[in-house]
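Enquirer: Let's see this in three dimensions:
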Amino acid sequence: MASCFKVLRRLFPPVSARVQPSTVRFTRHPVNKTQMAFVTTPPGKSEWLVVVPDKPGTQQKRVEVRAQHFEGLKPYVESQQFKTGGAVLKDKPESDDPSTWDWYGSTIVVVAESKEEVKAILEKDIYTQTGVWDTENALILAAKFAFRFP
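Expert: Predicted coordinates:
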């Protein structure tokens, strides 16, 4: 009986799912937890965990300038100065339509030399310039991430 299971496992190896942007890829090899990437930053720089709340009543303005915001992110994303980022919501959204989301603000992980550099980046963003982000109440914390999945 045990040899029957060995044969079945060879014929049908376990399937695992790896989530990637907008897709789910199924593989025959389980995700190896030792493949996680440990975080290193360039000398003199740190990663900063940033949470920027929106000012009250700015949801419509946020949606209006969202495309410009994404355009402004490109240099930071391409240079890998921004490691991750996105919306912070007050509740789970019912749809993928951003105009229906209950926004809290945004979050970003930034590689920078100082908190002042992070603040300068935030001040240049269209969300700050149009009064969406409340940068005075932004939470900007130096962070030492132990791992990151590639």
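
Enquirer: what residues are up against the closest residue to A112 other than its chain neighbours?
Expert: Among residues not flanking A112 along the chain, V118 sits closest, at 5.0 Å (CB to CB, 6 or more residues apart in numbering). Placement of C-beta: from N, CA and C, glycine included. V118 sits next to W48, V50, V110, A112, I140 when contact means CB atoms under 8 Å, 6 or more residues apart in numbering.

Enquirer: State whether V118 is indeed within a strand.
Expert: No. Using DSSP: H, G, I helix; E, B strand; the rest coil, the assignment for V118 is helix, not a strand.

Enquirer: list the contacts for the nearest residue to T58 once chain neighbours are set aside?
Expert: Residue nearest to T58 in three dimensions, not counting chain neighbours: V132, with 4.5 Å by CB to CB, 6+ apart. Counting by CB under 8 Å, 6+ apart, V132 touches D54, K55, T58, K61, R62, V65.

Enquirer: of all these, which comes closest to Y104?
Expert: Proximity of the contacts of V132 to Y104 (CB to CB) peaks at D54, which lies at 6.8 Å.

Enquirer: mind pulling up the phi and psi values for the closest one?
Expert: Per-residue torsions, D54: phi -90, psi 150 (degrees, to the nearest 10).

Enquirer: Quick check: bridge partners of the residue nearest to it when sequence neighbours are not counted?
Expert: For D54, ignoring the flanking residues on the chain, the nearest one in space by CB to CB, 6+ apart is G105 at 4.7 Å. Beta-bridge partners of G105, counted by DSSP bridges, are P53, V88.

Enquirer: Pull the contacting residues for I126.
Expert: V65, Q68, H69, G72.

Enquirer: Repeat the analysis, applying 10 Å as the threshold.
Expert: 61-62, 64-73, 132-133 (CB atoms under 10 Å, 6 or more residues apart in numbering).

Enquirer: Identify the farthest-apart pair in these.
Expert: K61 and L73 (17.5 Å).
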